[in-house]
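Undergrad: Next input, structure requested:
(2 chains)
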Amino acid sequence: MLSWYYLKGIIMLAGIYLLPVLGLSLLTGFTGLFSFGHAGFMAIGGYTTAFMMMKLEVPFIPAILMGGLFAAFFSFIIGKLTLKLKGDYFCIATLGFGEAIRLLLDNIQYFGGARGWPGLPLKTTLITVIIIDIIAVILLRNIIRSRHGRNMIAVREEELASSIIGIDTFKYKMISLVISAFYAGVGGGLLGTYLGFLQPKIFSLTRSTELTIIVIFGGLGSLTGSVVGTILLIALPEILRSFANWRLVVYGVIVVFIMIARPEGLMGGKELSFDVLRNLFRKRVKEAKAEGGK
Amino acid sequence: MSGFIQQIINGLSIGSVYALMAVGYSLVYSIMNFSNFAHGGIIMFGAYFGFFFMTLYKFPFSVAFIASGICAALMAILVERVAYKPLRDRRAPFLYFIISAMGVSIFLENIIIATIGPTFRTYPEVFSAQPIKIGNLAIGRIDLTMFIISAVFLVLLIYLIDHTKIGKAIQATSFNMKASALMGINTDFIILLVFGLGGFLAGLAGVLFGMKYTVYPQIGNITLKSFIAAVFGGLGSLQGAVIGSVLLGIIETITSGYISSQYRDLIAFVLLIFILVVRPMGLMGKVTEDKA
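TA: Numbering: from 1, shown residues only, chains lettered A, B, ... in the order given. Here you go, the predicted model:
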C-alpha cells in the first residue's frame, strides 16, 4: 500500500523540516524569543544554495553551507536592528522580515520571480538528510549543555535578572538567533535540492507559523519534543493526504488547545536520551532489589 | 498634478478602511498587550457574512452591513472566550496569547477553505461603477462610500472612548487593569466589550473590503497591512491607528501609481521594519518599560 519510494519522500521531508524546527527550538524553546519569519531564512538559504549550484557551479555540500551562512548573516543584521526591542515587537519585526523576503523574491526575475525557479539539481538523498540531522541534533545538544546554552536558558527565564548577574543578554539572544537562522538556511537549501524547484510561495507566513507551532507542539525547551513534533506534524498529514483541506483546520485547533490545556507541549521540557533510559532502567532494578530484600 | 490628487483620494479611501481594521488591533492591544492576529480572520468572516446576507438572503445593503458587523462582533467575543479567557485566568505570558491568536487565525482561514472553498466571490453591485466627476478627478462611488462610512464609525468610536463613562472605563482598564478592577470596574466585561467593538468594526471593514475587491479566504493576509498601520501609528493608540492607516493607504497608492503595483506590499512590510527600528513605539504610541 505504502510504497518505499513514497515513504522515503515523507521521511526526507520530515528530516528537512527538522532543521528549521531545531533552530527555532533553540531560539524559542531555550532563549524565549518568538519568530514568525523563519520561512524567510529558509528562503534565503534555499535561493543561495540554488544560486551557488546553478550559476557558480559550487558543489552540493559547500553550497548548502553557504546557504546556511548567508541566512545567518541576514539574521545577524536583523538581530542587530531588532533584538533590542521589547515584548512582541521582535516577533512583529521577524514577521515583517519574512514577508518582505518573500515579496522581494516575488519580484526578482533573475530567480524566476513569483513563478518559481524550476530545474534545480536533485542532490538531496535520504542518507544526506539523516547524516545532517544527526550532526545538527548532536551540535545543538552540546550547545545547550554548554555554558552558553545555560546562559540562553537564563535569558529565557529572567532576562532582567540574568543581565544583573553579568550575562550579556543581547549577545546570547544574537548567538541563538544566528544559529537558528543557520539551521533554517541549511534546511531551505536541502528543500530546494529535494524538490528540484523553488517558489517564494513555499516560504509564506503560514510556513513560519507552522514551524513555530511544531516547536510548541513538541514542547518548549525540549529537543526530543521538537524531533517528535516534526515527525508527527509533517509526516502524519502527508500520510492522510485525503484530508488535505482539513489539515490546517486541525492545526489551528491543536494550537489553541495546547495553549489552553497543555502549554508545556508534548514533552513538557523533558528530554529523552540514553542517559534518561539508563537511569530509568537502573531505578527499576533498584526497586526490584529493594522488593527482593524485604 | 491632478493625477497626484487622484492618488491621494484613492489612498484616503483605502486608508480609511484600514483604519476600521487597525483600531481593532489597537483596542485589544491597549487592554491586553498582545497583537490579536485572529482579527484578520474576523474581518474575513465579516466579508463572508455580508456576502451571504446579500446573495443568499437578499438583505438590502444597509441591513446586511450592520448584521455582518454584529455577527463579527459575536464571533470576536466567542474567540475571546474560547482562546484567550483560559490564558487570562492563568496569567499566561503574552506570547501564549499571540500563539493562540495565530492558531485561531489559521483555524478561521482554513475552515472557510474546507467548507465553502477557496474560490473568489464577487459582491452583487450595490453602487454603480460610474464615478463621480469633479473637474479632472474621478471619485468612485464605492470609494466615497467607504470613506464616509469609515469616517462616521471612527468618529463614533473615538467619541465613545473619550466622552462616555464606558469609554473612561476602557481607558482606565488599559491604564491599569488591576487597579481598575479594584475601583469597581468589571474588567471582564470591558474586555468583552473591546473585543465586541473591534469585531463589529472588523465586520464592517470586511464588507467594505469585499465590496471593493472580492471575497476569498486569504483576505486575512491583506488585513496584515492594517496591522502594520496599527504598529506604524503606535500599537494601543486609536488616533495613531487612524493616522497610520491613512498614511499607509496614501503611501501604497502612490507606490502603485508612480513605481509599480508589484512593490505595494513590499513597501508596506519594509515600512514596518523601518518603523520598528527607528521608532518602535510608532508615531503616537506610549513608551513602555519592562516591569521587573
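Undergrad: And what about residue A:121, helix, strand or coil?
TA: Three-state assignment for residue A:121 (DSSP: H, G, I helix; E, B strand; the rest coil): coil.
Undergrad: Show the contacting residues for it.
TA: Shown in contact with residue A:121 (Cβ atoms under 8 Å, 6 or more residues apart in numbering or on different chains): A:53, A:54, A:60, A:193, A:196. The C-beta positions use only the backbone N, C-alpha and C, and glycine is treated the same way.
Undergrad: Can you tell me the number of residues neighbouring residue A:160?
TA: By the criterion of other Cβ atoms under 10 Å in any protein chain shown, residue A:160 has 11 neighbours.
Undergrad: so it is in which element?
TA: Assigned by DSSP states H and E, residue A:160 belongs to helix A:159-164.
Undergrad: neighbour-wise, which of the contacts of residue A:121 leads?
TA: For those, neighbours tallied by other Cβ under 10 Å; top is residue A:193, 26 neighbours.
Undergrad: wait, that residue sits on residue A:129?
TA: No. Counting by Cβ atoms under 8 Å, residue A:193 sits too far from residue A:129 to count as a contact (10.4 Å).
Undergrad: From chain A, how far off is residue B:143?
TA: 25 Å (Cβ to the nearest Cβ, to the nearest Å).
Undergrad: How about residue B:15?
TA: Distance from residue B:15 to chain A, by Cβ to the nearest Cβ: 19 Å.
Undergrad: Show the backbone phi and psi for that residue.
TA: For residue B:15, the backbone dihedrals (degrees, to the nearest 10) come out as phi -60, psi -40.
Undergrad: can you pull the contacts of it?
TA: Residue B:15 makes contact with B:229, B:245, B:246, B:247, B:248, B:249, B:250, according to Cβ under 8 Å, 6+ apart.
Undergrad: would you list every one of the helices in chain A?
TA: In chain A, the helices defined using DSSP state H lie at A:4-24, A:38-55, A:60-82, A:89-107, A:126-145, A:147-157, A:159-164, A:169-195, A:205-218, A:223-230, A:236-239, A:244-261, A:274-293.
Undergrad: how about stretch B:262-270, does it get close to chain A?
TA: Yes. Judged by Cβ under 8 Å from any Cβ of the partner chain, stretch B:262-270 and chain A are in contact via B:262, B:263, B:265, B:266, B:269, B:270.
Undergrad: from memory the second one sits against residue A:107, does it?
TA: Same thing as residue B:263. Yes. The pair residue B:263 / residue A:107 is scored as a contact, 6.8 Å apart, by Cβ under 8 Å.
Undergrad: follow-up on the earlier one: what mean pLDDT does the helix holding residue A:160 get?
TA: Averaging pLDDT along helix A:159-164 yields 86.
Undergrad: touching chain B at all, it?
TA: Yes. Helix A:159-164 lies within reach of chain B by Cβ under 8 Å from any Cβ, at A:159, A:160.
Undergrad: how far does that helix sit from the chain's center?
TA: When C-alpha coordinates are averaged (Cα atoms, centre = their mean, to the nearest Å), helix A:159-164 and its chain have centres 27 Å apart.
Undergrad: Keeping just the C-alphas, turn that helix into CSV.
TA: Provided in CSV are the C-alpha atoms of helix A:159-164 (Å, rounded to 0.1, in the frame of the first residue of the first chain):
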residue,chain,number,x,y,z
GLU,A,159,16.1,38.5,31.3
LEU,A,160,16.5,41.3,33.8
ALA,A,161,18.0,39.1,36.5
SER,A,162,20.4,37.4,34.1
SER,A,163,21.6,40.8,32.9
ILE,A,164,22.2,41.8,36.5
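Undergrad: Show me what it is packed against.
TA: Using 3 or more Cβ pairs under 8 Å, 6 or more residues apart in numbering or on different chains; DSSP states H and E, the elements in contact with helix A:159-164 are helix A:147-157, helix A:169-195.
Undergrad: and the stretch 51-200 of chain A, which residues reach chain B?
TA: By Cβ under 8 Å from any Cβ, the residues of the stretch 51-200 of chain A that approach chain B are A:81-82, A:85-89, A:91-93, A:96-97, A:99-100, A:103-104, A:106-107, A:159-160.
Undergrad: from those residues, which would you call buried?
TA: Burial by neighbour count, 16 or more other Cβ atoms under 10 Å in any protein chain shown: within those this picks out A:81-82, A:87-89, A:91-93, A:96-97, A:99-100, A:103-104, A:106, A:159.
Undergrad: Could you work out the most separated pair of the residues you listed?
TA: Distances among these were taken as Cβ to Cβ; the most separated pair is A:106 and A:159, at 36.5 Å.
Undergrad: how close does the closest residue to residue A:97 other than its chain neighbours sit to chain B?
TA: Sequence neighbours aside, residue A:37 is the residue nearest to residue A:97 in space, at 4.5 Å (criterion: Cβ to Cβ, 6 or more residues apart in numbering or on different chains). From residue A:37 over to chain B the distance is 10 Å, taken as Cβ to the nearest Cβ.
Undergrad: So is whichever strand or helix holds residue B:75 next to chain A?
TA: In the assignment (DSSP H and E), residue B:75 maps to helix B:61-79. No. On the criterion Cβ under 8 Å from any Cβ, helix B:61-79 is out of touch with chain A, staying 9.3 Å away.
Undergrad: name the helices or strands packed onto that helix?
TA: By 3+ Cβ pairs under 8 Å, 6+ apart, helix B:61-79 packs against helix B:39-55, helix B:187-212.
Undergrad: Show the subsequent helix or strand relative to the longest one.
TA: What it means is helix B:187-212. Taking DSSP H and E, what comes next after helix B:187-212 is helix B:219-233.
Undergrad: which strands and helices sit next to that next one?
TA: Using 3+ Cβ pairs under 8 Å, 6+ apart: helix B:219-233 touches helix A:89-107, helix B:2-32, helix B:39-55, helix B:94-115, helix B:187-212, helix B:238-258, helix B:264-278.
Undergrad: Format those helices as TSV; extra columns: mean pLDDT and distance to residue B:61.
TA: Formatted as TSV, the helices and strands packed on helix B:219-233 follow (pLDDT from 0 to 100; distance: least, Cβ to Cβ, whole Å):
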stretch	mean pLDDT	distance to residue B:61
helix A:89-107	87	34
helix B:2-32	87	16
helix B:39-55	91	7
helix B:94-115	87	22
helix B:187-212	91	9
helix B:238-258	88	23
helix B:264-278	84	28
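Undergrad: TSV for those, including distance to residue A:24?
TA: Output for those, formatted as TSV (distance: least, Cβ to Cβ, whole Å):
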stretch	distance to residue A:24
helix A:89-107	11
helix B:2-32	25
helix B:39-55	23
helix B:94-115	13
helix B:187-212	30
helix B:238-258	30
helix B:264-278	20
